[in-house]
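Chemist: Provided below for reference: sequence and predicted model.
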Amino acid sequence: MLQWNTHHGGVGTDGVWDPDRLAKKAASFHPDVISFNEIEHYGVDEPALYASLIKKYTGQTWYYKFTSGTGTQSGLGDLIMSRYPFDSNDIQVFSHNRAGVDATIHVNGRTINVTSTHLDAFSTSYRLQEIGELTAWQRTVAEQRIICGDFNAWPGSTETATMKQAYYDSWAEAQSDGTAVAYAGNTAGNTRHSRIDYIYFSHGSGGLQLKGSQVFDVRDASGVMPSDHRPLMTTFTVK
């Protein structure tokens, strides 16, 4: 499961919009499911573009669903992509122009609901309201539940503590297990200035066994990254 805030669809730290660069790097991690944030659908249909680019670099068809922050199919929003066909998908609009997109897939006979979201960037109170709406919605969908996204909240925040009432923070759990991997200079697994991107899995998802979590160093030889965020990937075995 790969989580990556793409920074407006692939604007790198060099200021250049290059979706091909980001898609090629994402495909190199061999994910089965991807959550992308800050995908744009204005003049360019970036959801379809990324589906095409990921297919180009993996040789496989990818199924996808996009929503903007207002629940429409145009604007700035979140994208779920999967090697597995969708049994269904859904969109939920939250407060303050934020939303979530959910896809239901089946793996090894298990139902898995994967959700992508991106919470408010500036206000703790807004984020807590959005988390309340997110988790209330998720209680209506079947286990196993995975929630990915840019939560704009550091690990010690009230927002993270609220999420952990019903969900495990996969990176923190992997650190505890000794299966978290980052790289020199970023042993905390920071995805931007702190660790603000998360892959959560629900306390009731007994069919998921955490195998490990990794934050990747995506700098090229010049130190340029495809986005201003680093990607996070968590691996599960579906029992």
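Modeler: Okay, I see it. Note that this is a predicted model, so its numbers are computed, not measured. Residues are numbered from 1 along each chain as shown.
Chemist: what residues of the top helix by length along the chain count as buried?
Modeler: Secondary structure assigned by DSSP state H gives helix 124-138 as the longest helix of the chain. By 16 or more other Cβ atoms under 10 Å, the buried positions in helix 124-138 come out as 126-131, 133-135, 137-138. C-beta: built from backbone N, CA, C; applies to glycine.
Chemist: what's the mean pLDDT across stretch 133-148?
Modeler: Regarding stretch 133-148, the rounded mean pLDDT is 98.
Chemist: swap in stretch 63-75?
Modeler: 96.
Chemist: check stretch 16-31 too.
Modeler: pLDDT averaged over stretch 16-31 gives 98.
Chemist: now tell me what touches that stretch from outside.
Modeler: Residues from elsewhere that reach stretch 16-31 (Cβ atoms under 8 Å, 6 or more residues apart in numbering): 1-2, 4, 6, 8-12, 34, 46, 49-50, 53-54, 56-58, 216, 218, 226-227, 231, 233.
Chemist: and what of stretch 218-225?
Modeler: Contacts with stretch 218-225, where a contact means Cβ under 8 Å, 6+ apart, come from 12-14, 25, 226-227, 230-231.
Chemist: among the residues you listed, which ones are in helices?
Modeler: K25.
Chemist: filter the contacts of stretch 218-225 to the buried ones?
Modeler: 12-13, 25, 226-227, 230-231.
Chemist: nearest to L210, of those?
Modeler: P231 (17.8 Å; Cβ to Cβ).
Chemist: excluding its backbone neighbours, what's nearest that closest one?
Modeler: W4 (4.0 Å; Cβ to Cβ, 6 or more residues apart in numbering).
Chemist: including distance to G69, could the buried residues of helix 124-138 go into TSV?
Modeler: Shown next, in TSV, are the buried residues of helix 124-138 (distance: Cβ to Cβ, whole Å):
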residue	distance to G69
Y126	12
R127	14
L128	17
Q129	14
E130	10
I131	15
E133	13
L134	13
T135	18
W137	15
Q138	18
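Chemist: nearest to N186 among these?
Modeler: R127 (23.9 Å).
Chemist: correct me, but the closest one touches T117?
Modeler: No. Judged on Cβ atoms under 8 Å, R127 makes no contact with T117 at a distance of 10.6 Å.
Chemist: between these two, which contacts overlap?
Modeler: F151.
Chemist: tell me the SS of D120?
Modeler: Under DSSP: H, G, I helix; E, B strand; the rest coil, the three-state class of D120 is coil.
Chemist: contacting residues for it?
Modeler: 96, 98, 126-127, 130, 152.
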